[in-house]
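In: I would like to see how this sequence folds:
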Amino acid sequence: MKVLLRALRVARAYRWQTIVSVVAVVLAQLVEVALVPLLVAGILGAIIEAGAPSPVGIQHGVWERMKAISGIRLDTYGQRVHWLLVFAALLLAAYALRALLLFTYLRLGQKVSQRVMHDLRAQLFARLLGLSLSFHEQRRTGELMSRVTADVNLVQNLVGLQVADAVAAGAGIVTGLALMLMMSPALTLFALVVGPLTAFVITRAGWRMREITKSVQERQAELFSRLQERLSSVKEVQSFVREDYEEEQFAKLNRRTLNANLRSVRLGALLYPGVELLSMAAMVVGIVLAGYLVLQGRLGSPLLLSIFIIGQRVGSYATHIGRVNVTIQQGLAAAVRVFEILDSQPAVRESPDAVPLPRVAGEVALERVGFAYGNGPQVLKDISLTVRPGEVVALVGPSGAGKTSMANLIPRFYDPTEGRVLIDNHDLKLITLSSLRSQIGLVPQDTILFSGTIEENIRYGALDATHGEIVAAARAANADQFIEAMPDGYHTEIGERGLKLSGGQRQRISIARTILKDPRILILDEATSSLDTESESLVQEALDRLMTGRTTFIIAHRLSTVRGADRILVLAEGNIVQQGTHAQLMAVPGIYRRLYERQFADTDREPVSQAQEAPQPVAPASDQP
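Out: Below you'll find the predicted structure:
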C-alpha cells in the first residue's frame, strides 16, 4: 500500500486532471450499471404492457413503485408508444453521455500518464547524474537503462489509468449491488456469496503476479545490460572471433527472460477465464433463481432483464478488476525498482552550508589522507602532501599502488576515509561540488566523446563559447588542421563515442574541450599511452600548452612522459615511498629506477639488486624538492 500511495503521489502535480479523469470514469460506469438498466426496464415495461395481459401478480413491486413515483401512465396504446420512444431516446442520450465521459477519462488519463512518465524519467536521469562514481561502478549501464525505460512505462500505466479503472470498477460493483438489493434481495444475497470468492482469487493472483513481474524486470535488466555492453564493444567481440559465443550467451539470457514472461502470461491466462467462469456460473445459477422468483410472483417481469444486465455488468467489473489488478501489481513491482534509484543517496554529498570555491591559484594539499573502497582494504595510507600552484606532479608506481585513487580525491569523486583534502586552504567538504569541479580538468586515457558534431563536443567544455573560441582551443590542441580537412569541418558528425575519428584525433578534441574549460588544476590519466608515435608527439605538444601555468597531476605507467615533471611521486601499496625529480630518483636505488630501467635501460645493463629496490623514506611534505 505504501508503494501504491507513493506512486500516486508522483502525479500530485496533475491532481486536478487526475480527479476529473477518475470522476469521469466513475460516472461512466454508473451510467452503464445504473441508468442504462433502468431505462431498459422502462422499455421492457412499455412493450410488455402493450401486448397481451400479463399473468396475474407479475406486475408489482419496484416496477409499480417506479411508475407511481414517476407518474408514468401506460393505460392506452398511445401512452405506451409515447413512453417507449421516450425511454429509447433517453437510452441513446445515456450512451452518448457515457461516451463523452469515457473520452474525458481517456484523454486526461493518458495526458497524466505521459507527463508522469516524462517527469519520472527526468528525475531518474538527474538522480543518476548526481550519484557518486561508487554507485555507477557497482551497477551495469543496461540495468539502469531498463529502469529508466521499461520500469517507468509500467509505473506510467499504473498512475495514469489503471488505478482509476479499478476505482471505477469498484464503484460500479457497489452501485450495481445496491440496485439489485432494491430490486431483489434474494438475488443480491446470492451475488454477495459469490463476490468474496472472486475477490480472493483476484487478490492471490495479484500477489503472485507481483513476484513474477519483479523476476521479469530483473531478467530484462540483465538482457539490456548484456546487449549494451556487447554492442558497445563489438570491435573486441569480432577481434576475438567470439560472435558464436556471444550469440549463445545472449540466447541463454533471452530464454530466461522468455520463461519469466511466459510465467506472467500463464498466470494471466488462468486468471481471466477463471474469474469469468466464476461470474458466468453465478449468472447461470442466478437465472435459475430469478426464474423461480418470477414463477412465484415475487419478481416483476420488466425488472428481470434489468437485474440481469446489472448482474452481468457487476460480473464484468469483477473480471475487469482482475485484469487491472494484474497490471497494478506489475506497476508496483516496477515502482519499487524506480523508487530504489530515486531514494539512492550519493556517497559524496555537499555540506548544507557549503560555499562556492573562488577562482583558485591551484595549491593542493592532502593531510594524513587514508582511503578505502567501501569495506575493502586501505588503498591509500596516511598520505600527506602539498603541491604548489602551477607545479607538475607525476604519480607513478606499479598497478594497484593507489595512483588513480589519489587523483580521484581531488575533484571529490570519492571522499577520503581519513584526513582531508584542501585546495588553496579550502577543505573540499566545505565547498560546492560544481564550483570545485568547474576548476578541474580531466584528460583520461579512454577519451569519451558524444555523438554529434566536433564543435558540439568541444563546446561541452564551455557551453557559451563562440565559434572563434572553439577554433582557438582546437588550434591550441593541434586539432584545427585535421578538423578543417574534414568535409564538414567543425560540423562533422563523429558518430557514437567518436568512433569515426582516430585515437589521436579523439584525444586532441578532448584536450581542446579542456582548454576551453580553462581549469586551474589538471589531471592527466595516461593521456598518451595508447597513441602511435606521431599522434603522441602532437598530443604531448598540446598537453604542454594546456599544462602551462596550471597545477597538473600526471598518472603514468610510461615513464618517458614524466621525466620533465617538477616532482615525481612513487607510490607502492598505498604509500608514497619516493619523491623527487627524475634525476634525483635515478641517482638512488629504488622502485623508480627499477621501473625506469625495466622500460628503457639497455639489455646488457646489470639489473638493480633486490636490496636496492627497497622503498625509500618519504621526505616530509614541507620539504619540497
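In: residue contacts, Ala166?
Out: With contact set as Cβ atoms under 8 Å, 6 or more residues apart in numbering, Ala166 has these partners: 321, 324-325, 328. All C-beta atoms are positioned from the backbone trio N, CA, C, and that covers glycine.
In: ok, now Arg6?
Out: By Cβ under 8 Å, 6+ apart, the contact set of Arg6 is 335, 339.
In: Asn325: how many residues sit nearby?
Out: 23 (other Cβ atoms under 10 Å).
In: Remind me which helix or strand it belongs to.
Out: Using DSSP states H and E, Asn325 falls within helix 301-342.
In: Just put the contacts of Ala166 in JSON lines and tack on distance to Asp566.
Out: Listed next are these as JSON lines, based on distance: Cβ to Cβ, whole Å:
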{"residue": "Ile321", "distance to Asp566": "74"}
{"residue": "Val324", "distance to Asp566": "70"}
{"residue": "Asn325", "distance to Asp566": "69"}
{"residue": "Ile328", "distance to Asp566": "65"}
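In: Can you give the domain ranges for the protein?
Out: Split into domains by automatic domain parsing, the chain comes to 2-16+115-342, 364-439+519-613.
In: how far out from the middle of the chain is the first one?
Out: What that stands for is domain 2-16+115-342. On the basis of Cα atoms, centre = their mean, to the nearest Å, domain 2-16+115-342 sits 19 Å off its chain's mean C-alpha point.
In: Specify which member of the contacts of Ala166 is nearest to Arg139.
Out: Of all the contacts of Ala166, Arg139 sits closest to Ile328, with 27.3 Å by Cβ to Cβ.
In: Which stretches in this protein count as strands?
Out: All strands of the chain, identified by DSSP state E, fall at 364-372, 378-387, 392-396, 418-423, 426-427, 440-443, 521-525, 551-555, 567-572, 575-580.
In: Using JSON lines, lay out these together with mean neighbour count and distance to Gly461.
Out: Below are those laid out as JSON lines (neighbours: other Cβ atoms under 10 Å; distance: least, Cβ to Cβ, whole Å):
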{"stretch": "strand 364-372", "mean neighbour count": "19", "distance to Gly461": "21"}
{"stretch": "strand 378-387", "mean neighbour count": "19", "distance to Gly461": "23"}
{"stretch": "strand 392-396", "mean neighbour count": "23", "distance to Gly461": "21"}
{"stretch": "strand 418-423", "mean neighbour count": "19", "distance to Gly461": "20"}
{"stretch": "strand 426-427", "mean neighbour count": "16", "distance to Gly461": "23"}
{"stretch": "strand 440-443", "mean neighbour count": "24", "distance to Gly461": "8"}
{"stretch": "strand 521-525", "mean neighbour count": "23", "distance to Gly461": "13"}
{"stretch": "strand 551-555", "mean neighbour count": "24", "distance to Gly461": "17"}
{"stretch": "strand 567-572", "mean neighbour count": "23", "distance to Gly461": "27"}
{"stretch": "strand 575-580", "mean neighbour count": "22", "distance to Gly461": "32"}
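In: and of these, who's closest to Val288?
Out: Across these, Val288 has its closest neighbour in strand 364-372 (76.1 Å, Cβ to Cβ).
In: in terms of contact count, name the helices or strands touching the closest one.
Out: Applying 3 or more Cβ pairs under 8 Å, 6 or more residues apart in numbering; DSSP states H and E, one finds that strand 364-372 contacts strand 378-387, helix 403-409, strand 418-423.
In: can you redo those as a markdown table with mean pLDDT and distance to Ala485?
Out: Formatted as a markdown table, these follow (pLDDT from 0 to 100; distance: least, Cβ to Cβ, whole Å):
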| stretch | mean pLDDT | distance to Ala485 |
| --- | --- | --- |
| strand 378-387 | 92 | 39 |
| helix 403-409 | 91 | 35 |
| strand 418-423 | 94 | 40 |
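In: Which one of those lies nearest to Asn153?
Out: Of those, nearest to Asn153 by Cβ to Cβ is helix 403-409, at 35.7 Å.
In: Pull the residues that contact the closest one.
Out: Here helix 403-409 makes contact (Cβ under 8 Å, 6+ apart) with 133, 366, 369, 371, 373, 379-380, 383, 395-397, 414-416, 421, 523, 525, 553, 555, 571.
In: at 7 Å what do you get?
Out: With Cβ atoms under 7 Å, 6 or more residues apart in numbering as the test, helix 403-409 has contacts from 369, 371, 379-380, 395, 397, 414, 416, 421, 523, 525, 553, 555, 571.
In: From those, which one has the minimum pLDDT?
Out: Here the lowest pLDDT out of the contacts of helix 403-409 sits on Asp525, with 84.
In: who's in contact with it?
Out: For Asp525, the contact set (Cβ under 7 Å, 6+ apart) comprises 404, 407, 443-445, 555.
In: let's see it at 6 Å
Out: Counting by Cβ atoms under 6 Å, 6 or more residues apart in numbering, Asp525 touches 444-445, 555.
In: what do you get for Asp415?
Out: Val348.
In: going forward, begin numbering at 48 instead of 1
Out: OK, 48 is where the count begins now, so the last one is Asp462.
In: Any chance of the backbone angles for it?
Out: Main-chain dihedrals, Asp462, degrees, to the nearest 10: phi -110, psi 140.
In: JSON lines please, covering the strands of the chain and showing distance to Arg360.
Out: Formatted as JSON lines, those follow (distance: least, Cβ to Cβ, whole Å):
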{"stretch": "strand 411-419", "distance to Arg360": "65"}
{"stretch": "strand 425-434", "distance to Arg360": "68"}
{"stretch": "strand 439-443", "distance to Arg360": "75"}
{"stretch": "strand 465-470", "distance to Arg360": "69"}
{"stretch": "strand 473-474", "distance to Arg360": "69"}
{"stretch": "strand 487-490", "distance to Arg360": "65"}
{"stretch": "strand 568-572", "distance to Arg360": "68"}
{"stretch": "strand 598-602", "distance to Arg360": "72"}
{"stretch": "strand 614-619", "distance to Arg360": "76"}
{"stretch": "strand 622-627", "distance to Arg360": "78"}
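In: Figure out which of these is closest to Arg273.
Out: Nearest of those (Cβ to Cβ): strand 568-572, 28.1 Å.
In: ok, the closest one: who's next to it in the sheet?
Out: strand 487-490 (parallel), strand 598-602 (parallel) (DSSP bridges).
In: Format those strands as a markdown table; extra columns: distance to Ala382.
Out: Listed next are the strands paired with strand 568-572 as a markdown table, based on distance: least, Cβ to Cβ, whole Å:
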| stretch | distance to Ala382 |
| --- | --- |
| strand 487-490 | 36 |
| strand 598-602 | 42 |
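In: And the ones you listed, which one averages the lowest pLDDT?
Out: Ranked by mean pLDDT, those end with strand 487-490 in last place, scoring a mean of 88.
In: Would you confirm that Ser557 contacts Thr494?
Out: Yes - contact criterion Cβ atoms under 6 Å: Ser557 and Thr494 qualify, at 4.5 Å.
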